[in-house]
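Colleague: Show me the folded form of this:
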Amino acid sequence: MPNKKMGRGLAFQSKVCYNIHMSKSISKAMVEAEIAVSMAETRRVIQAGIVRLDGQKVSDGSVVLEKGLHTITIGKKSVEISA
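Modeller: Have a look, this model is predicted:
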């Protein structure tokens, strides 16, 4: 199933869980999981205040994802990431 584009390059696939191999910052995880196309894109959406991690607003892109299952929400779209 091809990625669905949202906004300026944000891409989502419906009901997909991405596996991240080590603890990473939320910005790096979003790029690795192809939620955003670049680090600049992640900074832009985080600064816009539309990114949530497990329901809590993210205001800093250096937030580290610990091991476990996390939900990243950008606007109305959500993606699960397993770290």
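
Colleague: And the contacts of stretch 46-60?
Modeller: Counting by CB atoms under 8 Å, 6 or more residues apart in numbering, stretch 46-60 makes contact with 26-27, 42, 45, 61, 63, 65, 70-75, all of which sit outside it. Using the backbone N, CA and C atoms, a C-beta is placed for each residue, glycine as well.

Colleague: longest single helix anywhere in this structure?
Modeller: helix 39-47 (DSSP state H).

Colleague: Tell me which stretches of this structure form strands.
Modeller: 4-6, 10-12, 17-19, 51-53, 56-57, 69-74, 77-82 (DSSP state E).

Colleague: Confidence-wise, which of the ones you listed is weakest overall?
Modeller: When mean pLDDT is averaged over each of those, strand 4-6 scores lowest at a mean of 47.

Colleague: Next, work out how far apart the residue most central in space within the chain and residue 71 are.
Modeller: The centroid of the chain falls nearest to residue 30 when counting by CA atoms, centre = their mean (3.7 Å). With the distance defined as CB to CB, to the nearest Å, residue 30 ends up 12 Å from residue 71.

Colleague: try residue 52
Modeller: For residue 52 relative to residue 71 (CB to CB), the value is 8 Å.

Colleague: Report the buried members of the contacts of stretch 46-60.
Modeller: Buried subset of the contacts of stretch 46-60 (neighbour count, 16 or more other CB atoms under 10 Å): 26-27, 42, 45, 61, 63, 65, 70, 72-74.

Colleague: What number of residues are in the vicinity of residue 66?
Modeller: Residue 66 has 8 neighbours, counted by other CB atoms under 10 Å.

Colleague: for residue 35, same thing?
Modeller: Neighbour tally, residue 35, other CB under 10 Å: 26.

Colleague: same question, residue 58
Modeller: Number of residues near residue 58 (other CB under 10 Å) recorded here: 22.

Colleague: Next: residue 44.
Modeller: Neighbours around residue 44, by other CB under 10 Å: 16.

Colleague: Residue 19 too?
Modeller: Neighbours of residue 19 (other CB under 10 Å): 10.

Colleague: what is it paired to in the beta sheet?
Modeller: Under the criterion DSSP bridges, residue 19 forms beta bridges with residue 82.

Colleague: Thank you, goodbye.
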